[in-house]
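Engineer: Kindly generate the corresponding structure for this input.
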Amino acid sequence: MLEKIFKLRENNTSVKTEIIGGVTTFMTMAYILAINPSMLADAGMDKTAVLLATAISAFIGTMIMALLANYPFALAPGMGLNAYFAYTVCGTMGYSWQVALTAVFLEGIIFIVLSLTNVREAIFNAIPFTLKKGVSAGIGLYIAFIGLQGAYLIVDNPSTLVSYVDFVGDFHTKGICAILALIGLFITAILYVKNVKGAILIGIIATWVLGMIAQAAGLYTVDVENGFYSLYPVMEMTDFSSIKLTFGQVFKADFSSVSIFNFIAVLFAFLFVDMFDTLGTLIGVATKADMLDKNGKLPKVKEALVADAVATSAGAILGTSTTTTFVESSAGVAAGARTGLASVVTGVLFLLSIFLSPIFCAIPGFATAPALVFVGFLMISAIVDINFNDLKEAIPAYLCLLCMPLMYSISEGIAIGVISYVIINVACGKAKKITPLMYILAVLFVCKYIFL
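Structural biologist: This next block holds a predicted model:
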């Protein structure tokens, strides 16, 4: 039955490989179960309710992706968009979280319409092949940067913006985490080089176990106030009734003091970021999995985009910020996942997490960080397919991959890549090779920087 549904042999994979890939993807995404409730709580939402909404929306979106598109792409409330939700819309602008959820819900409805009318698919196909390679490589740098931060190897620095951690001064917190993450990275790399199945997953678990040993030995110190929690899971029951605090609140928003123009601006901000984060993730992960056809197109991209759009609206109804395709899906792809069976595994684990949330939330960031750094290496390999002898193609791809980590945004990297591609090729007399949709995208991106 699994063969019939997911076409395992056709995709050169097996049930075992898909399970490992699905578990690996979940392990690298599990941090969202801890981070999303914490961030949205700053907007006035109940933490437990948000955790339940996060897990259930991830399950719904990932299962739709699995059964509709048969791709190993997992979905969950996205980082960046949750920060915009909590700290800009609800914080700086002062809107209630119910109003913010309404914006997310409507954004999802618009996405469904755009997906069903082939607009998003057309955008995906309009991006030049070389630029897609730049997107994939850029995502590699982006998630590696996220991993380095999660490992505390890279920290804030007022003079240089970023720097390496003070191993001595913060040894029992950041320092030991950074050391354990480095050990985990070496474990992952060595196992992968030796072709050990599940190398990335083994690296995550090994790093977590080493962390628990370090805590027992007194090398790692629990400091809850500064975000360093016990690495040992604590079994306790989840309060399932709390979901009523957020479920359906999207339909109870009070717009009496909301400016319609500001609301539209918020709606389009969600729309832009979600659309191009999703497209960028699909391009990057699909490129790494060798799923693009000879024309650089992704089969069943419409189904994948519909899954993403439906998940966004469903998540808003449940009570969470924008649900989107996760770039961490590349970890599962790197572990061998090639079909929706891996997504089924990931989705089921998200659903189970509502019962075992203390265990999953106990996975520390420094344990998943080595996986992200190593997957970044695997994804940046797409750079070798860029023709650096054709500067009109290579420079936009370079700017795209450069801007993603430095601007901390997949969508911003795509924006810079598209704008530069159009400008450089038009200025060099190659305007005819640019599709009309690329011109439209370039203009829209410029307008975004001016008006949003």
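
Engineer: Can you name every helix or strand that whatever helix or strand Cys447 lives in contacts?
Structural biologist: Secondary structure assignment for Cys447, by DSSP states H and E: helix 436-451. On a contact count with 3 or more C-beta pairs under 8 Å, 6 or more residues apart in numbering; DSSP states H and E, helix 436-451 meets helix 119-126, helix 410-427. Every C-beta, even on glycine, is put in place using the N, C-alpha and C of the backbone.

Engineer: same thing but 10 Å
Structural biologist: Counting contacts by 3 or more C-beta pairs under 10 Å, 6 or more residues apart in numbering; DSSP states H and E, helix 436-451 packs against helix 119-126, helix 260-288, helix 410-427.

Engineer: can I get the ones you listed in TSV with mean pLDDT?
Structural biologist: Formatted as TSV, these follow (pLDDT from 0 to 100):
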stretch	mean pLDDT
helix 119-126	76
helix 260-288	78
helix 410-427	89
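
Engineer: Out of these, which gets nearest to Arg338?
Structural biologist: helix 260-288 (10.8 Å; C-beta to C-beta).

Engineer: buried residues in that closest one?
Structural biologist: For helix 260-288, a neighbour-count test (16 or more other C-beta atoms under 10 Å) marks 263, 266-288 as buried.

Engineer: next one: stretch 216-233
Structural biologist: Neighbour-count burial for stretch 216-233, counted by 16+ other C-beta under 10 Å, picks out Leu219, Tyr220, Phe228, Leu231, Pro233.

Engineer: I'd like the distance from that stretch to the chain centre, please.
Structural biologist: 26 Å (C-alpha atoms, centre = their mean, to the nearest Å).

Engineer: what's in contact with it?
Structural biologist: 34, 38, 152, 170-177, 179-180, 208-215, 356-367 (C-beta atoms under 10 Å, 6 or more residues apart in numbering).

Engineer: now those residues: which count as buried?
Structural biologist: Judged by 16+ other C-beta under 10 Å, buried ones among the contacts of stretch 216-233: 34, 152, 170-177, 179-180, 208, 210-212, 214-215, 357, 360-367.

Engineer: Tell me where the stretch 201-350 of the chain has strands.
Structural biologist: 323-325 (DSSP state E, counting those that start in this stretch).

Engineer: picking up where we left off before, of all the helices and strands packed on helix 436-451, which lies closest to Thr188?
Structural biologist: Of these, nearest to Thr188 by C-beta to C-beta is helix 260-288, at 16.4 Å.

Engineer: so where's the stretch 301-450 of the chain uncertain?
Structural biologist: Residue ranges of the stretch 301-450 of the chain with pLDDT under 70: 357-358, 360-361.

Engineer: quick one: buried residues of stretch 151-169?
Structural biologist: So stretch 151-169, judged by 16+ other C-beta under 10 Å, has buried residues Ala151, Tyr152, Leu153, Ile154, Val165.

Engineer: wouldn't Ala289 be in contact with Phe73 here?
Structural biologist: Yes: counting by C-beta atoms under 10 Å, Phe73 is a contact partner of Ala289 at 9.3 Å.

Engineer: Please enumerate the shared neighbours of those two.
Structural biologist: Ser329, Ser330, Gly332, Val333, Ala337.

Engineer: could you dump those residues to a markdown table with neighbour count and distance to Met79?
Structural biologist: A markdown table is the format used below for the shared contacts of Ala289 and Phe73 (neighbours: other C-beta atoms under 10 Å; distance: C-beta to C-beta, whole Å):
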| residue | neighbour count | distance to Met79 |
| --- | --- | --- |
| Ser329 | 34 | 14 |
| Ser330 | 31 | 15 |
| Gly332 | 35 | 18 |
| Val333 | 28 | 19 |
| Ala337 | 33 | 21 |
